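Chemist: What follows is a predicted protein model with its sequence.
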Amino acid sequence: MIKIEKRNDVSPSIYFLTPILAIFLTLFGGGIIFYVLGFNPIEALKFFFITPISDLYGFSELLIKATPLCLIAIGLSFCFKSNNWNIGAEGQLIFGGIVGGGVALLFYGHDGFYVLPIIILSGAIGGMIFAMIPAILKTYFNTNEILVSLMLVYVAKLLLDYLVVGPWSNPEGFNFPETRQFSESARMPILFDGLRIHAGIFITLITVFLSWLILYKTYLGFQIKVSGLSLKTAKYAGYKGKTMIIIVFMISGACAGLAGVGEITGPIGQLHRNISPDYGFTAIIVAFLGRLNPVGIIFASLIVALTYLGAETAQIFLQVPKYTGQVFQGMILFFLLGSDYLLFFKIKFLGLKKNEL
Amino acid sequence: MSFDLNFIGILIGAIMASSVPLILAASGELITERSGVLNLGVEGMMIIGAISGFALMVITDNLFLAVIGSMLSGLIISIIFGVLTQSLLTNHVATGLALTIFGIGMSAMIGKNFVGIPGKEFPLLFVNLKENVPFLGPILFGHSIILYFAFLLPFLTNYFLKKTKIGLIIRAVGDSPTSASNQGINVTLVRYSCILYGGAMCGLAGAYLSLIYTPQWIENMTGGRGWIALALVVFATWSPIKVLIGALIFGGITILQLHMQAVGLRIPVQLLSALPYIMTIIVLVVISRDSRKIKLNTPTSLGQIFYKEK
């Protein structure tokens, strides 16, 4: 007979080991899917997860994709830790990109060290303001932040579309839906010759450190954690819930906005319709896989970034669609959430009792 | 552009056709949400339905099998969500999101060999009446059987939820799983059934797109309709009849956009496309501001995990 019991305490080692279990299960599941589709699973997985990072250029590409994912996920961890479901990071990223890109176009042709910092700052503020919409509606009108933040993703996408097709489109661009290429002063410095890895990675690393500081060393971080564990306790302790909700959304929006501005001043260098391959949604997986922990999120962002790169490589070598990466991203989250069951419940195998025989 | 009656009739017919996938998916999701489960995987289940329906049509050359198969595959993919949220007690939001991401990826992988294959003509009903009756003809006649079903579905759903015992049980489970459970109702079973039903309806909505609306397979062809369907349920404050009205408004905006592009009006199309989303936010604010109103309409336990100590 099998008995299932609720665990009273969760051991921290299992807590960080289940994500690794989830990754192995995903590889296994992916192998099966490749086999069913008629590929040699070992070879297909090799193309997916090893070939892309077998040289220095590939590794730099991995870091380029991990940079925004990590940054957004760090921001989301503030929201998720305090039970605020911001799932509109994609919209905040795009809006940050729009504001940053607008400033970059304003400074078109300007030289000066101050240009890039102003663009970055305005991108962060853009994302922050956009994230404040669901936060304010939640705190003052009691609306569901999941739905509002999600709806705003589409609003941001359409606004970007309008701008790059209409008023901001490149005057010499033959009506292509894109802006001018930003001036050199508005671009993230490239770190190594021949690689695309740019200074945006430092913004991410600094943010990771700051978020660790806030979450684990400040009163605000303590409040966030308590509110996440028990809203009643938080209220009893007299925490101002409304202010905290707005602050976590602001942090999360600013991070997403930074990620957006990092993309357009980094690898892209202009605004066009597709400035993000759904980084804002994928970062939700990164945040969960990293257990909402700053260090965990760094590792998780590298793994999830690999699914993006792997899909690109597999598209070339195996002729599978680029969306294949999403199969792996979805599976990781499925397995991770599923294996959490082991965390919170004990499965006991008991011998059959006499009266049952 | 002539504003004769027949043209308006054709326009209304087109609006109705474009609202069908929204009605089907939203009606399914409405039942799921009424039982207290928030499944954000609508888009993923729709696209799986779209590719399975199309693939089955190509392989078996039988439209009936294709439609049934698309519903089954929507149902099967929703089992993943059911097992995770109901048996393994995972977070609804994260699981649904994973389902959408997974579904889009999976459909593209399955659909790889079906890109560029032309679809088959889906039989339309009362075609001769459509031609011969002015104005009302294009509105009432010449549609597929799925469209007629979709327009009936909100009324059936309304009757089912309000007048039948099972409907009452579903609402009880959604509003207070603990007391329903104390009454001897198997909450998990009810929620599983509602999730599977929602999956089947989303599958059908997808099949409508790939078999009838634009009869072919295109990667990511649902194009965010699943998310609109989710918004629609909220927009309708969980009432099936309002889902129908909302779907017609949302579908109308889609068609209006196409025509404005053709006519060359100066309002940006993107603004029109954004309207449904902005309107949903406004409706949300209006219904949520009054806590009594939201309590009247929203399934109280929506998105919460129910665990019964055994």
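Modeler: Sure, I can see it. Residues are numbered from 1 along each chain as shown, chains lettered A, B, ... in the order given.
Chemist: Can you give me the distance of the spatially most central residue of chain A to A:S301?
Modeler: The residue lying closest to the centre of chain A (C-alpha atoms, centre = their mean) is A:A283, at 1.9 Å. For A:A283, the distance to A:S301 (C-beta to C-beta, to the nearest Å) stands at 8 Å. Where C-beta positions appear, they are placed from N, C-alpha and C, glycine not excepted.
Chemist: Touching both of these two, which residues are there?
Modeler: A:69, A:73 (C-beta atoms under 8 Å, 6 or more residues apart in numbering or on different chains).
Chemist: in a strand, that's where the residue nearest to the centre of chain A is, yeah?
Modeler: No: read with DSSP: H, G, I helix; E, B strand; the rest coil, A:A283 is helix and lies in no strand.
Chemist: Distance check, it against chain B.
Modeler: 11 Å (C-beta to the nearest C-beta, to the nearest Å).
Chemist: Over in chain B, which residue gets nearest chain A? Let me know.
Modeler: The nearest approach of chain B to chain A comes at B:F102, 2.5 Å away (C-beta to the nearest C-beta).
Chemist: what about the residue of chain A found nearest chain B, helix or strand, and which?
Modeler: Residue nearest to chain B within chain A: A:G330 (2.5 Å; C-beta to the nearest C-beta). Assigned by DSSP states H and E, A:G330 falls within helix A:324-344.
Chemist: which other helices and strands contact that helix?
Modeler: Packing contacts for helix A:324-344, counted by 3 or more C-beta pairs under 8 Å, 6 or more residues apart in numbering or on different chains; DSSP states H and E, involve helix A:12-36, helix A:279-289, helix A:294-317, helix B:92-111.
Chemist: Can you tell me which of the ones you listed is nearest to B:I23?
Modeler: B:I23 lies closest to helix B:92-111 among the helices and strands packed on helix A:324-344, at 19.7 Å (C-beta to C-beta).
Chemist: Tell me how far that closest one lies from the chain's centre.
Modeler: Put simply, helix B:92-111 sits 16 Å off its chain's centre (C-alpha atoms, centre = their mean, to the nearest Å).
Chemist: Show me the strands in the stretch 51-200 of chain A, by range?
Modeler: Counting by DSSP state E, counting those that start in this stretch, the stretch 51-200 of chain A has no strands to list.
Chemist: residues in it within reach of chain B, list them.
Modeler: The stretch 51-200 of chain A has residues A:85, A:87, A:137, A:141-144, A:146-148, A:150-152, A:154-155, A:158-159, A:161-162, A:165-166 near chain B, with proximity defined as C-beta under 8 Å from any C-beta of the partner chain.
Chemist: Could you measure from the residue nearest to B:I12 when sequence neighbours are not counted over to B:Y213?
Modeler: Once flanking residues are discounted, B:I12 sits nearest to B:I139: 5.0 Å by C-beta to C-beta, 6 or more residues apart in numbering or on different chains. Computed as C-beta to C-beta, the B:I139 to B:Y213 distance reads 17 Å.
Chemist: now swap in A:G266 and tell me
Modeler: From A:G266 to B:Y213 the distance is 39 Å (C-beta to C-beta).
Chemist: neighbour-wise, which of the two wins?
Modeler: The residue with more neighbours, out of A:G266 and B:Y213, is A:G266; 23 against 20, by other C-beta atoms under 10 Å in any protein chain shown.
Chemist: mind listing what the more buried one touches?
Modeler: Contacts of A:G266 by C-beta under 8 Å, 6+ apart are A:64, A:67, A:187-188, A:196, A:198, A:200.
Chemist: related to what we said a few turns ago, dump the helices and strands packed on helix A:324-344 into a markdown table; add distance to A:H272 as well.
Modeler: Converted to a markdown table, the helices and strands packed on helix A:324-344 look like this (distance: least, C-beta to C-beta, whole Å):
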| stretch | distance to A:H272 |
| --- | --- |
| helix A:12-36 | 31 |
| helix A:279-289 | 15 |
| helix A:294-317 | 18 |
| helix B:92-111 | 22 |
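Chemist: right, so of those, which gets closest to B:A236?
Modeler: That would be helix B:92-111 among the helices and strands packed on helix A:324-344, by C-beta to C-beta, at 18.9 Å.
Chemist: what angle do that closest one and helix A:324-344 make?
Modeler: 140 degrees (axes from the mean of the first three to the mean of the last three C-alpha atoms, to 10 degrees).
Chemist: Just give me the neighbour total for A:F344.
Modeler: Using other C-beta under 10 Å, A:F344 has 13 neighbouring residues.
Chemist: quick one, what contacts it?
Modeler: With the criterion set at C-beta under 8 Å, 6+ apart, A:F344 makes contact with A:6-7, A:10, B:89.
Chemist: Going by secondary structure, residue 232 is in what exactly?
Modeler: No chain was given, so I picked chain A. Per DSSP H and E: A:K232 is located in helix A:231-236.
Chemist: sorry, should have said chain B
Modeler: Using DSSP H and E, B:L232 sits in helix B:225-235.
Chemist: now stretch B:107-119: how far from the chain's centre is it?
Modeler: Using C-alpha atoms, centre = their mean, the offset of stretch B:107-119 from its chain centre is 22 Å.
Chemist: Over to it now: how far is its first residue from its last?
Modeler: From the first residue to the last, stretch B:107-119 extends over 17 Å; the measure is C-alpha to C-alpha, to the nearest Å.
Chemist: ok, and what's touching it?
Modeler: Counting by C-beta under 8 Å, 6+ apart, A:33, A:37, A:319-324, A:326-327, B:47-48, B:50-52, B:54-55, B:57-58, B:210-211, B:215-220 sit against stretch B:107-119.
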